[in-house]
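[1] Task: produce atomic coordinates for the following.
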Amino acid sequence: MKKVAFYTLGCKLNFSETSTIARLLEQQGFQRVEFNQQPDVFIINTCSVTENADKKCRKIVREAQKINPDGYVAILGCYAQLKPQEIAEIPGVDVVLGAAEKFRLHELIPTFEKEPTGRARVFNSPIEEAIDYHASYSLNDRTRTFLKVQDGCDYPCSYCTIPLARGRSRSDSVANVVRAAQEIAQRGVKEIVLTGVNIGDFGLQNDQRVETFFDLVKALDEVEGIERFRISSIEPNLLTDEIIAFVAQSKRFVPHFHVPLQSGSNKVLAFMRRRYRRELYANRVAKIKELMPHACIGVDVIVGHPGETEEEFKETYLFLNELEISYLHVFTYSERANTHALAIKPVVPGNLRADRSKMLHILSDKKRRAFYESQLGRKATVLFEEDADRADTQNGLMQGFTENYVRVTAKYDPLLINETKQVRLTEINSDGHVEVEDLDELVLHH
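    Below you'll find the model as predicted:
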């Protein structure tokens with residue numbers, strides 16, 4: 001029995017696919033182990049959203065070689081689709097599989113034996129051939145499960161390589177997603193995060209729209225056994241008023257939205273080829289807060305996109321500062337091959353990109369603090385985590401999240417792992433997390 005270990009870079013979608021590929025290999029008789037437990041096979045699922053992700057892939061390959069110099073190293077994912085030959089030349093890599101091949105890993109490489117020539121094998125079809133939909137969900141990696149509902153993207157945003165790495169937009173069916181959610185519920189999972197490249201575009205099958213994301217939300221709200229559904233990220237032009245209104249009265253969908261903005265300047269949004277303007281975004285935030293005053297709203301924003309002047313960055317900063325949002329995910333623009341942004345001038349110098357990123361990170365901290373302060377004194381339900389990075393057992397603490405994504409710290413109790421508890425949010429500690437008192441007197445106040 002060969003031992004196999006996985007390392008996942010990037011998004012929730014990658015985690016869902018890694019977990020599914022792992023289960024396929026376990027069905028073939030492989031034993032899944034941790035990365036540092038001398039595996040025979042290392043599988044690295046890559047991301048290529050930023051140049052930093054590419055560098056991380058190379059570093060993980062070097063670490064795999066240190067752990068087991070004779071180990072077989074397979075590279076999958078977005079980076080593998082975009083730059084297969086570049087990856088094949090990395091010392092220690094044995095096989096590279098593109099978007100159309102990654103779910104056939106166990107078929108294409110049944111023995112996982114190194115090539116006598118020492119050269120890496122490459123299985124990489126043109127992205128146009130990545131047309132099949134592969135259902136996926138994560139298990140046992142985190143307290144919550146990431147459930148893939150959609151793949152690929154038809155939006156040609158100027159800075160993004162995802163359409164080149166994952167292909168056209170395509171989806172599972174409502175019936176299949178509901179069935180997967182029911183399977184997950186039977187495993188005792190309390191929360192499911194819906195994930196995909198562009199989940200609001202759900203419903204495309206064979207390039208035909210047969211269902212909608214709203215259809216999916218309504219169907220999942222009836223699934224017994226799952227306490228929470230969380231929408232991972234949804235484009236503002238696809239987040240309709242009817243979806244917002246439904247979540248506001250939903251039995252299971254939580255009041256937490258992550259809505260990419262990318263820029264608060266309409267001129268830069270046009271450069272980016274985004275499908276909305278800032279006015280629509282502001283309307284979406286206002287509608288959420290009107291129907292769900294305590295909702296958490298996260299925002300993606302890119303700084304330093306070509307053509308972004310100092311004035312346009314300030315426009316973004318002021319727009320975000322005035323919006324009733326809860327936190328930011330700030331991305332510094334990095335050049336990616338074969339993207340439209342490379343043709344846009346002027347290019348923003350690296351030092352200005354870094355300065356703008358720092359300003360928005362500070363703004364994000366202020367927004368999160370203000371949101372947390374607005375929640376103090378409220379009752380909430382916390383799902384306590386079993387994830388190692390969420391627990392501080394040495395100091396007797398554990399963490400979890402409320403429905404509206406307030407991170408909570410409480411006294412460690414193994415009985416609370418993967419359990420939801422009613423609490424009152426009491427104060428913000430020195431780490432910026434919220435402390436609680438348990439309304440059932442099971443969690444001790446600090």
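
[2] secondary structure class for the nearest residue to residue 304 once chain neighbours are set aside?
    In space, and not counting its chain neighbours, residue 304 is closest to residue 353: 3.2 Å by C-beta to C-beta, 6 or more residues apart in numbering. Every C-beta, even on glycine, is put in place using the N, C-alpha and C of the backbone. Secondary structure, DSSP: H, G, I helix; E, B strand; the rest coil: residue 353 is helix.

[3] Now do the same contact list for residue 353.
    Neighbouring residues of residue 353 by C-beta atoms under 8 Å, 6 or more residues apart in numbering: 303-304, 332-333.

[4] any chance you could map the helices in this protein?
    Here the chain has its helices, by DSSP state H, at 12-27, 51-67, 78-82, 84-88, 105-108, 162-166, 174-186, 213-220, 241-248, 266-272, 278-291, 310-322, 350-375.

[5] Let me know which of those helices is the nearest to residue 131.
    Of all these, helix 162-166 sits nearest to residue 131, with 11.1 Å by C-beta to C-beta.

[6] export the helices of the chain to TSV and tack on distance to residue 126 and mean pLDDT?
    As requested, the helices of the chain are exported to TSV (distance: least, C-beta to C-beta, whole Å; pLDDT from 0 to 100):
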stretch	distance to residue 126	mean pLDDT
helix 12-27	20	94
helix 51-67	21	87
helix 78-82	10	93
helix 84-88	11	92
helix 105-108	17	90
helix 162-166	10	94
helix 174-186	27	97
helix 213-220	29	98
helix 241-248	35	98
helix 266-272	26	98
helix 278-291	35	98
helix 310-322	37	98
helix 350-375	33	97
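
[7] Please identify which of those helices is closest to residue 409.
    helix 350-375 (11.7 Å).

[8] what number of residues lie near the closest residue to residue 218 other than its chain neighbours?
    Nearest residue to residue 218 in three dimensions, chain neighbours excluded: residue 246, at 6.7 Å (C-beta to C-beta, 6+ apart). By other C-beta atoms under 10 Å, 16 other residues sit near residue 246.

[9] Residue 75 too?
    Residue 75 has 27 nearby residues by other C-beta under 10 Å.

[10] Tell me who's in contact with it.
    By C-beta under 8 Å, 6+ apart, residue 75 lies in contact with 44, 46, 57, 61, 87, 93, 95-97.

[11] Nearest to residue 183 among those?
    Nearest to residue 183 among these: residue 97, at 26.3 Å, using C-beta to C-beta.

[12] hmm, back to that, would you list the contacts of residue 75 in TSV and tack on neighbour count and distance to residue 212?
    Below are the contacts of residue 75 laid out as TSV (neighbours: other C-beta atoms under 10 Å; distance: C-beta to C-beta, whole Å):
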residue	neighbour count	distance to residue 212
44	26	35
46	26	31
57	24	36
61	19	41
87	25	37
93	25	41
95	24	39
96	29	36
97	25	32
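
[13] and which of these is nearest residue 322?
    For the contacts of residue 75, the nearest to residue 322 is residue 46 (37.8 Å; C-beta to C-beta).

[14] List the contacts of the closest one.
    By C-beta under 8 Å, 6+ apart, residue 46 lies in contact with 9-10, 53-54, 57, 75-80.

[15] quick one on the thing from earlier: next one: the residue nearest to residue 218 from residue 289, what distance?
    16 Å (C-beta to C-beta, to the nearest Å).

[16] Residue 61 too?
    Applying C-beta to C-beta, the value for residue 61 to residue 289 is 46 Å.

[17] before we move on, what about residue 157?
    Taken as C-beta to C-beta, the span from residue 157 to residue 289 is 27 Å.
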